[in-house]
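*Asks:* need a structure here:
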Amino acid sequence: MSDVSPSQIPSPAATDDTAALSHETEPLDPVIRDHRYYFHDGNIILLVEATLFKVHRSILAQDSSIFESTFTLPPPDLSQTASPSPEGTSDENPFILHGETPERFRLLLSALYGLPREIFHLFGPYGDFRQLVDIASIAHKYSFEDIEAWSASLLTKRLQRSQYPADFDFLPFLDYAIISSKDTLQNETLRILRALILEDKIDFIHIISHAEKRTHKSWRALLGLAFYHYIIKGAARWDLDRYRDRLPRSMGILLNTSFATLVDMRQSTIPWDHVCGDAAECESRWSRTLRDDTSPWYGDVQSYDEGYDDIQRNLPADFAGWVRRTISPGEWDDCQSIAASRHRKLANDLEAGSWEFFEKLQW
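*Replies:* The predicted structure follows:
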């Protein structure tokens, strides 16, 4: 009885499941034969959830190292099993694809068996974007390298041309792009996600909750960018979010802590290495300069609808925007030029998505 893992790498549609070929788990639902991909001359039977597929070993093995290696394993000793037939040779004893759905597996078979018009429908310029994503994902999962490369290339072009559904969730798609090491696809996905954040066209709670569980550098930068732009909107905006309870408690605390910290940074000093010989006087002058140009209110007293334009101009936690407006190069003595550079660097880091800044504020 085999238990071979086609891939330890999660796919967007099944992030927590390990794809496996085995006979260990029987389906709970009545088993049916697939209406299209159950060929009577096929020589391998696979069970996906409650759907049986009967296809040809050679078709699966020709481009998939996973299936090729699985099919070359020596058969088990039938005398040691309860089944009268080798695994994958009957409806009663199929190979089971764990962590997969019939819909996704059917799409993979469409790419393998499809007629020219069907292939054009899948991979043509007007093909379904979500289906193409599923094909790339499952092809990666089972190491169909040619199909995955073709799909990923087409997806990259579609992203570059903005040919994707307006409501498409790019977060699991970025997971796939990172795991599959598709750098160009990853960069295009990041570009779109950054634009959605900057244009306030994304669910901030969704992206923060998704990204905070991940450690890849691209996710950390995206988390920093989303967190900063959500923070600067202030409590008036936060209270409008219907699904704020999805935000982990620790992140909710960090949200408020970060807001207060960013506001205070506009009214106090950021430490820097002094060259003036009188650090106390230098910091006092710098603090007075900052206070003269810092709005004294936090922005929570106005209603979001009526005061949105004012809040946009006076976002008290928008440290980076404030630095851009008030701290210009060439206006300071040597020591305060260092302070100005320190402020500009921190502003650049926040605008680039520095999650490290917020990590230091966590309790």
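*Asks:* can you show me the helices along the stretch 151-300 of the chain?
*Replies:* Using DSSP state H, counting those that start in this stretch, the helices assigned to the stretch 151-300 of the chain run over residues 170-179, 183-198, 204-211, 217-231, 234-238, 249-267, 279-292.
*Asks:* quick one: the last one to chain centroid distance?
*Replies:* Taking Cα atoms, centre = their mean, to the nearest Å, one finds helix 279-292 lying 43 Å from the centre of the chain it belongs to.
*Asks:* check the second one too.
*Replies:* Once both centres are worked out by Cα atoms, centre = their mean, helix 183-198 turns out to sit 10 Å from its chain's centre.
*Asks:* quick one: list the elements packing against that helix.
*Replies:* Using 3 or more Cβ pairs under 8 Å, 6 or more residues apart in numbering; DSSP states H and E as the contact definition, the elements that helix 183-198 packs against are helix 145-160, helix 170-179, helix 204-211, helix 217-231. Yep, even glycine has a C-beta here, placed from its N, CA and C like the rest.
*Asks:* between helix 170-179 and the last one, find me the angle.
*Replies:* Right, helix 217-231. On the basis of axes from the mean of the first three to the mean of the last three Cα atoms, to 10 degrees, helix 217-231 is oriented at 150 degrees to helix 170-179.
*Asks:* what does helix 217-231 contact?
*Replies:* Contacts of helix 217-231 from elsewhere in the structure, counted by Cβ atoms under 8 Å, 6 or more residues apart in numbering, are 174, 178, 186, 190, 193-194, 197-198, 200, 202, 204, 207-208, 211-212, 214, 237-238, 254-255, 258-259, 262, 317, 320, 350-358.
*Asks:* the residues you listed, buried ones only, as a PyMOL selection?
*Replies:* The following PyMOL command selects only the buried members of the contacts of helix 217-231, with burial defined by 16 or more other Cβ atoms under 10 Å:
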select buried, resi 174+178+186+190+193+194+197+202+204+207+208+211+212+214+237+238+254+255+258+259+262+317+320+350+351+353+354+355+357+358
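*Asks:* just put the helices and strands packed on helix 183-198 in CSV and tack on distance to Pro86 and mean pLDDT.
*Replies:* Formatted as CSV, the entries for the helices and strands packed on helix 183-198 read as follows, by distance: least, Cβ to Cβ, whole Å; pLDDT from 0 to 100:
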stretch, distance to Pro86, mean pLDDT
helix 145-160, 28, 95
helix 170-179, 33, 97
helix 204-211, 43, 94
helix 217-231, 44, 96
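*Asks:* who wins for proximity to Arg117 among the ones you listed?
*Replies:* Of all those, it is helix 145-160 that lies closest to Arg117, at 17.0 Å by Cβ to Cβ.
*Asks:* next, the buried residues of that closest one.
*Replies:* Of the residues in helix 145-160, those buried by neighbour count under the rule 16+ other Cβ under 10 Å are Ile147, Glu148, Trp150, Ser151, Ala152, Leu154, Leu155, Thr156, Arg158, Leu159.
*Asks:* again, but for stretch 217-226
*Replies:* For stretch 217-226, a neighbour-count test (16+ other Cβ under 10 Å) marks Ser218, Trp219, Arg220, Ala221, Leu222, Leu223, Gly224, Leu225, Ala226 as buried.
*Asks:* ok, back up a step: quick one, which of the helices and strands packed on helix 183-198 is nearest to Leu109?
*Replies:* For the helices and strands packed on helix 183-198, proximity to Leu109 was assessed by Cβ to Cβ; helix 145-160 is nearest, at 10.9 Å.
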